[in-house]
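Student: what follows is a predicted protein model with its sequence.
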Amino acid sequence: MQKRRGKKLKRQADFTKGKIVGPLLWFAVPILFALFLQAMYGAVDLMVVGKFADSTDVSAVSTGSQMMMTITNLISSLAMGTTIYLGQKIGEGDRKMGGEIIGASICLFLAVGLLFTVLVPVNAGALAGLMNAPEEAFDRTTEYIRICGIGSTVIIAYNLIGSIFRGMGDSQTPLVTVMIACVCNILGDLLLVAVFHMGTRGAALATVFAQVISVVISFALIRRKELPFAFGRKQIRWNGGIIGRVVKLGIPIALQDLLVGASFLIILAIVNSLGLVASAGVGVAEKVCGFIMLVPSAFMQAMSAFVAQNRGAGRYDRAERALWYVIGVSTVIGIGMFFLAFFHGDLLAGIFSNDAEVIAAGADYLKAYAIDCMLTCFLFCFIGYFNGMGLTAFVMVQGIAAAFLVRIPVSWYMSRQTPVSLFHIGLGIPCSTVLQILLCFGCMAVVKKKRKSVYFL
């Protein structure tokens, strides 16, 4: 029994000692695959709809999934509070708190899930209106948001599971849960959209059904796992102190992601006013970009868990070394992604649509995202570092400042120029990233100068 237990616990990594690059990359790879499979949700929806339905369905799914992605990112960002807090306690060696943190987080996110399950379906039409969904696709966009909104509690449970295990240094279990969901979603899309021709409704139903199956199986897997701390029903209770700490860490990240996501929705609304082809083209480009940004996103999540443990153990020098190592690796990959997106955007957009005009529009917008590929390799690693350190308030400030001082104004200004170019509209994205990187370097300088006072704010 002890041998079996020891083997299982190897999945919970101790990042506070030993080598840096190898363990960090080994931890990041399952996160990367999990993010890839998670991105397949909306991508498969759009791909199948693009092949077996019309441009109206493509616009509805792209717009509706963008709204649901914003809501999902909000929840997963809030759950980062659990990842960071759990990781810090493990780094401190206080494993007794692990079960209490998980139990309190379950209560918190169950309450949030029930709230969203009511609010999103009821306000689906208003959300589609905020997106400025094209008139031809408005009803289908509303339907997509409403159906997915009904599954909000499941979506939240799905994201919380991943956050808990990443905080423990286990990135393999979240990969398994995502893999289950992705397979179910693909099968559901092929059945409901390709076979029964249900279009937008079929894509939404397949997404929710896949996540229900994933969560049920995930809980079954978790019950079979041996955790490095005690956890049972008695730990599942509303603990105000723990919930307050989780919220304090998670709210700035969630607010930043919400407002940054809102800025992208505003840009999409600007594009939607240009017509159905532009709307579908940018929707396709957003799906492609979701895959392009997987590497920096994986490193960001890995850095958050890695740095949180080292911050808890007082290993600040080790956390900083990890930051620069990961930036180097991520940048090399980012350069490759730039060339692929900038020079071969039409091939990438063609994966999700057969319409030549939509493909051309998507490729034009992707050129701007290609520039951003190289920049986010710095930015996302910095964000993961600052999150792990607990400096989530700074992460919030830099993200909001870039979104509303640069990204939206630049995109709106470019949309007013004649002739209108989706590439020029998209330039607001890399321009805002430049500002964020400069702010991160500034914060890093302050942290290094006043390390003790800043770290323990």
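Tutor: Received, thanks. Numbers count the residues shown, from 1 in each chain.

Student: return the distance of Tyr316 relative to Val307.
Tutor: 9 Å (CB to CB, to the nearest Å). Yep, even glycine has a C-beta here, placed from its N, CA and C like the rest.

Student: which one of those two is surrounded by more residues?
Tutor: Per other CB atoms under 10 Å, whichever of Tyr316 and Val307 has more neighbours is Val307, with 29 against 17.

Student: name the nearest residue to the more buried one, sequence neighbours excluded.
Tutor: Spatially, and ignoring its direct neighbours in sequence, Val307 is nearest to Gly388 (2.6 Å; CB to CB, 6 or more residues apart in numbering).

Student: Asn310 versus the one you found, what's the distance?
Tutor: For Gly388, the distance to Asn310 equals 8 Å [CB to CB].

Student: give me the common contacts of these two.
Tutor: Common contacts of Gly388 and Asn310, defined by CB atoms under 8 Å, 6 or more residues apart in numbering, comprise Ala319.

Student: which one's more surrounded, those two?
Tutor: Ranked by neighbour count (other CB under 10 Å), Gly388 and Asn310 place Gly388 first, with 31 against 26.

Student: so what's that one up against?
Tutor: Gly388 is in contact with Ile84, Gly87, Met303, Ser304, Ala305, Phe306, Val307, Ala308, Asn310, Arg311, Ala319, counting by CB under 8 Å, 6+ apart.

Student: how close does the third one get to Leu25?
Tutor: Pointing back at Met303 there. With CB to CB as the criterion, Met303 and Leu25 are 11 Å apart.

Student: the more surrounded of those two?
Tutor: Shown here are Met303 and Leu25; by other CB under 10 Å, Met303 has more neighbours (28 against 16).

Student: that one - nearest residue in space that isn't next to it in sequence?
Tutor: That would be Gly384: by CB to CB, 6+ apart, it lies 2.9 Å from Met303.

Student: pLDDT below threshold where in the stretch 151-300 of the chain?
Tutor: 222-223, 225-230 (pLDDT under 70).

Student: helices along that one, start to end?
Tutor: Taking DSSP state H, counting those that start in this stretch as the test, the helices found in the stretch 151-300 of the chain are 152-167, 172-189, 199-224, 240-272, 276-292, 294-312.

Student: of the contacts of Gly388, closest to Ile359?
Tutor: The nearest member of those to Ile359, counting by CB to CB, is Met303 at 35.3 Å.

Student: quick one: that closest one and Met389 touch, right?
Tutor: No - assessed by CB atoms under 8 Å, Met303 is found out of contact with Met389, at 10.0 Å.

Student: which residues are in contact with stretch 422-437?
Tutor: If you take CB under 8 Å, 6+ apart as the criterion, stretch 422-437 is touched by 267, 270-271, 278, 281-282, 285, 361, 364-369, 371-372, 375-376, 378-379, 382, 398-399, 401-403, 405-411, 414-415, 417.

Student: ChimeraX command for the buried members of these?
Tutor: Buried subset of the contacts of stretch 422-437, written as a ChimeraX selection, criterion 16 or more other CB atoms under 10 Å:
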select :267,270,271,278,281,282,285,361,364,365,366,367,368,369,371,372,375,376,378,379,382,398,399,401,402,403,406,407,408,410,411,414,415
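
Student: so which of the contacts of stretch 422-437 are in helices?
Tutor: Assignment to helices by DSSP state H places the following of the contacts of stretch 422-437 there: 267, 270-271, 278, 281-282, 285, 361, 364-369, 371-372, 375-376, 378-379, 382, 398-399, 401-402, 408-411, 414-415.

Student: quickly find the element holding the residue most central in space within the chain.
Tutor: Nearest residue to the geometric centre of the chain (CA atoms, centre = their mean): Asn73, 5.0 Å. Element membership for Asn73, per DSSP states H and E: helix 55-92.

Student: just Gly149 next, same as before
Tutor: Following DSSP H and E, one finds Gly149 within helix 138-150.

Student: tell me the SS of Gly314?
Tutor: Put simply, Gly314 is coil when judged by DSSP: H, G, I helix; E, B strand; the rest coil.

Student: any idea of the pLDDT on it?
Tutor: On pLDDT, Gly314 comes in at 84.

Student: same thing with the one 5 residues further on?
Tutor: We note a pLDDT of 89 for Ala319 in this prediction.

Student: now swap in Ser453 and tell me
Tutor: Here the pLDDT value assigned to Ser453 is 51.

Student: with Ser353 instead?
Tutor: pLDDT for Ser353: 79.

Student: please shift the residue numbers so they start at 33 in all later answers.
Tutor: I'll keep to 33 as the first residue from here, and by that count the last item is Ser385.

Student: so what's it closest to, chain neighbours aside?
Tutor: Leaving aside its chain neighbours, Ser385 sits nearest to Gly82 (4.5 Å; criterion: CB to CB, 6+ apart).

Student: that neighbour: neighbouring residues, count only.
Tutor: By other CB under 10 Å, neighbour count at Gly82 equals 26.

Student: packing partners of the helix or strand in which it is found?
Tutor: Using DSSP H and E, Gly82 maps to helix 53-84. Judged by 3 or more CB pairs under 8 Å, 6 or more residues apart in numbering; DSSP states H and E, the packing partners of helix 53-84 are helix 87-124, helix 204-221, helix 231-256, helix 308-324, helix 326-344, helix 348-375.

Student: ok, 10 Å please
Tutor: Under the contact definition 3 or more CB pairs under 10 Å, 6 or more residues apart in numbering; DSSP states H and E, helix 53-84 sits against helix 87-124, helix 184-199, helix 204-221, helix 231-256, helix 308-324, helix 326-344, helix 348-375.

Student: quick one: closest of those helices to Leu146.
Tutor: Closest to Leu146 of the helices and strands packed on helix 53-84 is helix 184-199 (CB to CB; 6.1 Å).

Student: pull the distance from the closest one to the chain's centre.
Tutor: Relative to the mean C-alpha coordinate of its chain, helix 184-199 is positioned 12 Å out (CA atoms, centre = their mean, to the nearest Å).
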